[in-house]
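> Quick one: sequence and predicted model below, then my questions.
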Amino acid sequence: MKRHEAGRRIAGVLLCGAPIILTATLVVPGSAAGKDDAAAWPEITQEERALKSIAQDPEADAVILRHTRDGKIVLEKGYYVNVLDYHWRLKVLNERGKIYAEVHIPSYKYSRVEGIEARCIKPDGTILPVAADQIFEKLVQKGRGYKFTENVFNFPAVEPGVILEYRYKRHREGLFGLVYIEPWDFAGPEVTLLSRVTQAQPGGAGYRVLCNQCPNPDPQTELWQEGKIRGRRLTFEIKNVPAYREELMMPPAGVVSPRMEMVLVKWINVSWEQLARMDELFTDWNAVATYARYYYQKVYKLDEVLMKRTVAAWIQGVSDPKDRLKAVFRHVQEDFRYVPDDFVYGDVSSIASMLKEKTADNEEKGVLLVAALRSMEVPANLALVVGKHKGKLQTDYPSLSQFSHVIVGVPQPDGSALWLDPTVTYAPFGFVPWQDSGVGALYITDGSSVLINLPRKEEINGTRYAITAKPAAGGRTALDIVAEFEGEDAIAMRQELAPAAEGARTTFLETWLSEARPGAALRTHELENLEDLEKPLRIKMAVEAPGLVTQADDVMLVHACILECREVNPLSKRERLYPFYIDINVNERQTVTLIPPAGMKAASVPAPVTARSAIGSMNSLCTTLADGSVRCERSYVLPRNRWAASEQAGIRAMYDKIVEADLATVALEPVEGGSPGR
């Protein structure tokens, strides 16, 4: 993990007329923080109490009445911290709205949560508070050197008509307390009637503000004072914010929903060691690159001898330069457990720490790979990348906070670069993951930096199923399945299977199979090419599945689609507000060979189906073979692209046809003089 011990300082303030150089939290000795007095809950209006539906979304399960955050940079025990007061209020409109009874408040780096209060207000006005002893800290993920937790609680007596609300304080120090202000997403999973964020800052501090997709990108500004600290407060407020839900093929929230970010540009009388200058911090992209380079280079140089020794062991017996490069890349990919993160801080653990803990996050993987390559005298540089899941690089907003991870560029003789992303653990050498393809990046060399767009690559991706199905009159079907995965599909499967023990692999395959064919039981399995990333991953399975056969007198009806079949239309009937995004192309092909039971033959097969829309197509065709078996082929292809929300009707119609085709059956009947399936 990142070195929190050294990461407790960010900059310095003026003391006795002289600037202090620090590297992590603004500190003033001798000061103390005052505690806020307990505050009454914001008034619940008669309109909120009477609300039964909303015009913007008549079918909504709930409505977010208000979602607010009030931030202020103050002194606590001699340290500058950003204290963020959150308040969330929602009204449940129907039975489906009960899903909001459970609340999760995550922990973050450089922060602590306190003062959680929650209550449920029934339609008759009765108030049911959530008891303090019913708010639990839950471990989300733990590994060597890191731990993620969250606070969890449940509202009592949740029913249509109740109002649920909670509030808490988050104290943020360090990078995401002062240099970066924690981003604010105005949209929620339901329509939000009021979304507001305020941020108070000392007079000596200056921030650049980005309010992307905001109706008014300029904040309201007013003077602010608390104790001896004077400055100004910025306010953004948006009403009637459309919901951002997890729907089919949704674009990143940052692309289509309003979002506010702030980054520190200057702090008067602060000396920035990283930039060797006073006052000004992230004034331009070169300052951002210089800041990151300062920390990354310290890591390169601190443990050079240890890195050389480690790499020598990795490439022992390997003479070909390209094979050496591959070996080092593979070790960085697989030997170090990836600690997921979605922000770039410009601050990483030492090489010695990474080698000891065997963990590395989204920045540390890249830094480790560059250090390893440079120890072999292979020129390599870092690129800070805006992964596609975060949206588009805003070139007029210089900030590390825009980036999601770090990759490595190895310059080539023709002037191009070989791009390596070690955060994707089981990608083949040179494979460009979907999150990197064509996206914006800040490329940092030893003496310069430049904004670039990474190459757009259409990597081969796909899943193929070859299935032999042997139905029986008892209602269960024996399946022999060969599943083959390439590209992103193979990476996703290997990430689950490769690092797991045999028992865990079996459990994963059982879960995956139950989702692909509900009720199916895995009997045996065999993995091929699991470690050979250059080849497709192949999984052979013997399976027993219920629900594929329906007996009607002497006729046996058998489903023609076996895996990944659709029984309901996945696209909501609600009016689509957002465009359709497909960032990983879909290429699924399923071939089912249906072998009738002894004494039976095919009587009829489903008619061919072609379902098309703007986003892609599905084709299915069943034919009777000379040996009496039936072969059904289904292809489902969605190319990577973007489509307007206005295509919703055509896409829904395509999925209606897909559902109809996937539910179609092959009819088997007794041969003359035979018995039906016995």
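In hand now; what should we look at?
> Give me the three-state assignment for the residue nearest in space to the middle of the chain.
Nearest residue to the geometric centre of the chain (C-alpha atoms, centre = their mean): H389, 6.7 Å. At H389 the chain is in helix, as set by DSSP: H, G, I helix; E, B strand; the rest coil.
> Is it in contact with D436, as I believe?
No - the pair H389 / D436 is not scored as a contact, 11.1 Å apart, by C-beta atoms under 8 Å. Where C-beta positions appear, they are placed from N, C-alpha and C, glycine not excepted.
> list residues touching both of these two?
Listed contacts common to H389 and D436 are nil; contacts here mean C-beta atoms under 8 Å, 6 or more residues apart in numbering.
> Quickly list the domain ranges of the protein.
6-272, 285-453, 462-670 (automatic domain parsing).
> mind checking which of the ones you listed is nearest M278?
With C-beta to C-beta, the closest approach to M278 among those belongs to domain 6-272: 5.4 Å.
> Can you give the distance of the closest one from its chain's centre?
Centre-to-centre, domain 6-272 and its host chain are 20 Å apart (C-alpha atoms, centre = their mean, to the nearest Å).
> got the contact list for the host helix or strand of A313?
Per DSSP states H and E: A313 is located in helix 304-314. If you take C-beta under 8 Å, 6+ apart as the criterion, helix 304-314 is touched by 327-328, 331, 351-352, 355, 371-372, 375-376.
> ok, K535 - how many residues close by?
For K535, the count of nearby residues is 14 (other C-beta atoms under 10 Å).
> Contacts only, for it.
K535 sits in contact with N529, where contact means C-beta under 8 Å, 6+ apart.
> Of the domains of the chain, which stretch is the most buried?
Most buried of those by mean neighbour count (mean count of other C-beta atoms under 10 Å) is domain 285-453; its value is a mean of 19.
> mean confidence score for that one?
Mean per-residue pLDDT for domain 285-453: 94.
> With stretch 666-678 instead?
Rounded mean pLDDT across stretch 666-678 is 74.
> okay if I get the domains of the chain as TSV plus distance to D279?
Shown next, in TSV, are the domains of the chain (distance: least, C-beta to C-beta, whole Å):
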stretch	distance to D279
domain 6-272	5
domain 285-453	12
domain 462-670	41
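> Mind telling me which of the ones you listed the model trusts least?
With a mean of 85, domain 6-272 has the lowest mean pLDDT of the domains of the chain.
> Ignoring the adjacent residues along the chain, who's closest to the residue nearest to the centre of the chain?
P252 (5.6 Å; C-beta to C-beta, 6 or more residues apart in numbering).
> Ok, F343 next?
Closest residue to F343 apart from its sequence neighbours, by C-beta to C-beta, 6+ apart: S401 at 6.2 Å.
> residue contacts, that neighbour?
176, 180, 183, 261, 263, 343-344.
> So which of those is the closest to P413?
For the contacts of S401, the nearest to P413 is V344 (29.8 Å; C-beta to C-beta).
> Give me the nearest residue to that closest one, chain neighbours excluded.
Nearest non-adjacent residue to V344, counting by C-beta to C-beta, 6+ apart: F403, 4.0 Å away.
> ok, so what distance separates the one you found from K169?
Distance from F403 to K169, counting by C-beta to C-beta, to the nearest Å: 28 Å.
> and the lengthiest helix in the chain, what other elements does it pack with?
Counting by DSSP state H, the longest helix found in the chain is helix 285-302. In terms of contacts (3 or more C-beta pairs under 8 Å, 6 or more residues apart in numbering; DSSP states H and E), helix 285-302 is packed against helix 351-357, helix 364-375, strand 381-385, strand 440-444, strand 449-453.
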